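Engineer: Dropping the sequence and predicted coords here.
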Amino acid sequence: MVAVAFETEEMALNDDEYAPWPEVDDAAYYGLPGDIVRTIEPHSEADPVALLAQILASAGNAVGRCPFYQVEGDPS
């Protein structure tokens, strides 16, 4: 266990107190990325939000920087 020094006692949490884990709405798991997360989730200890983030990041990496959408006269 790592000892952490806090400036005040109010900053320290007791062993029984944990910060609440953030909840994500089910709408975030829409489409193919959501289907992939739901398929992997029962077989993994990974957090579903982390799985979703990794899937979206890898999809963006696979697409690359070249695709863009033309808005008026400016490439975006």
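Structural biologist: Structure's in. What do you need? These numbers come from a predicted model, not from an experiment.

Engineer: In this structure P48 contacts E23, no?
Structural biologist: No. With contact defined as C-beta atoms under 8 Å, P48 and E23 do not form a contacting pair (10.7 Å). In short, each C-beta sits where N, CA and C put it, glycine included.

Engineer: So if I had to pick from those two, which one is more boxed in?
Structural biologist: Just comparing P48 and E23: by other C-beta atoms under 10 Å the higher neighbour count belongs to P48, 16 against 7.

Engineer: any idea how far the more buried one is from A28?
Structural biologist: Going from P48 to A28 by C-beta to C-beta, to the nearest Å gives 9 Å.

Engineer: where does the chain dip in pLDDT?
Structural biologist: 1-16, 75-76 (pLDDT under 70).

Engineer: Show me which helix runs longest in it.
Structural biologist: Looking only at the chain and at elements set by DSSP state H, the helix with the highest residue count is helix 48-63.
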